[in-house]
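>>> Provided below for reference: sequence and predicted model.
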There are 2 protein chains.
Amino acid sequence: MIYTVGEAARQLNVAASTIRYYDKEGLLPLLERSSGGMRMFRDDDMSSLKIIECLKKTGMPIKDIKHFIDSCIEGDSKIDERLAIIESQRESVNRQMEEMQKMKEMLDYKCWYYETAKAAGTCAVHDQIKPEDVPEKFHQFLNQP
Amino acid sequence: MIYTVGEAARQLNVAASTIRYYDKEGLLPLLERSSGGMRMFRDDDMSSLKIIECLKKTGMPIKDIKHFIDSCIEGDSKIDERLAIIESQRESVNRQMEEMQKMKEMLDYKCWYYETAKAAGTCAVHDQIKPEDVPEKFHQFLNQP
DNA sequence: GCTTGACTTAAAGTTAACTTTAAGTTGTAG
DNA sequence: CTACAACTTAAAGTTAACTTTAAGTCAAGC
């Protein structure tokens, strides 16, 4: 199956101008054109876009994604480098998920804080709340007014 | 305990100019100054910075953080609104973590892909690999060259 | 009192990642 | 053959979130 830039954009839920921008930045070096100059997206190109999307969504800058794509073009001599890049990104994702988990715990506490305040009709309820009335998992956030 | 902007910055591991920028944008409306005009960060201000950091790290734009801070200043009449904002952000975090998980699975596959290629010395090994040699969890990524 | 490092401000500069614009071309349906 | 939506490009514009600069002020130690 062959797609135009608009069809590819619709499939990946991004703007066509974004895909053209990626192409201009060299992220799609193997993308072919029709005789008239139209971009022709094949399955391989859609797969490239998916890994680009994955790296982008996990916080890799376009420049670094280009570096990865470049090492893909270079073939089997760069397998080690590509593996190192992906492993490093996976570790970055692990750190991001840990960070996200911590942020979620703080938001869980804030939710409980406002639910309690809402039930009491005032935030002042937290000034005289006893530690044993605070769920165990939120104790880390006490002494933080 | 009272901190200067530099001390506060060191504690939260951000640049002092960032904290000054947040102040300029109205995120620290209760921050007091010394007689000489220096910012004085009290525990309350440090807590404000921590919730600002939490909202920022979970993707909330400065404008929306200001809206939240504004509703904190307005007192008990805005408890419902504040709860709604925090709940919505918590749901956003849940969606982000699900997305992150999907991205991680793709990176896990790519790691396996390059580990296998590295062992074989060539990516061509994947052209003739049998589906039963591909771990179950990676089957979703097959037919994606 | 003096030095020095950290602070103050307003204003300008930076960066990434797009998005928009304008002018023109392609491909397809009727 | 014509219309028209979707494509093409280069170049300029946008946005968020800072960061830097320049010129000056504050506070603590000697």
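Received the coordinates, thanks.

>>> Contacts only, for A:Met60.
A:Met60 makes contacts with A:68, A:89, as judged by CB atoms under 8 Å, 6 or more residues apart in numbering or on different chains. (Each C-beta comes from the backbone N, C-alpha and C, glycine too.)

>>> what's the answer for A:Gln89, then?
A:55, A:58, A:60, B:107.

>>> Please apply the same query to A:Trp112.
Each residue near A:Trp112 by CB under 8 Å, 6+ apart is listed here: A:135, A:138.

>>> near DNA strand D, anything from the helix or strand encompassing it?
Using DSSP states H and E, A:Trp112 sits within helix A:79-120. No - using CB under 7 Å from any atom of the strand, helix A:79-120 stays clear of DNA strand D, coming no nearer than 14.6 Å.

>>> how much does that helix deviate in direction from helix B:79-120?
160 degrees (axes from the mean of the first three to the mean of the last three CA atoms, to 10 degrees).

>>> Check the spacing between the spatially most central residue of chain A and A:Arg95 real quick.
Centroid-nearest residue in chain A, with CA atoms, centre = their mean: A:Lys57, separated by 2.5 Å. Counting by CB to CB, to the nearest Å, the gap from A:Lys57 to A:Arg95 is 15 Å.

>>> what does A:Leu107 give?
19 Å.

>>> what's the answer for A:Ser48, then?
In this view, A:Ser48 and A:Arg95 are 26 Å apart by CB to CB.

>>> Excluding covalently adjacent residues, which one is nearest to whichever residue of chain A sits closest to DNA strand D?
Nearest residue of chain A to DNA strand D, counting by CB to the nearest atom of the strand: A:Gly6, 2.3 Å away. Excluding its sequence neighbours, the residue lying closest to A:Gly6 (CB to CB, 6 or more residues apart in numbering or on different chains) is A:Ala16, at 5.1 Å.

>>> How many neighbouring residues does that neighbour have?
Using other CB atoms under 10 Å in any protein chain shown, A:Ala16 has 15 other residues around it.

>>> tell me the contacts of it?
Applying CB under 8 Å, 6+ apart, one finds that A:Ala16 lies in contact with A:5-6, A:8-9.

>>> Phi, psi for the residue lying farthest from the centre of chain A please.
In chain A, the residue that sits farthest from the middle, by CA atoms, centre = their mean, is A:Gln128; the gap is 41.4 Å. Main-chain torsions, A:Gln128, degrees, to the nearest 10: phi -120, psi 20.

>>> How much space separates it from A:Phe141?
In terms of CB to CB, A:Gln128 sits 17 Å off from A:Phe141.
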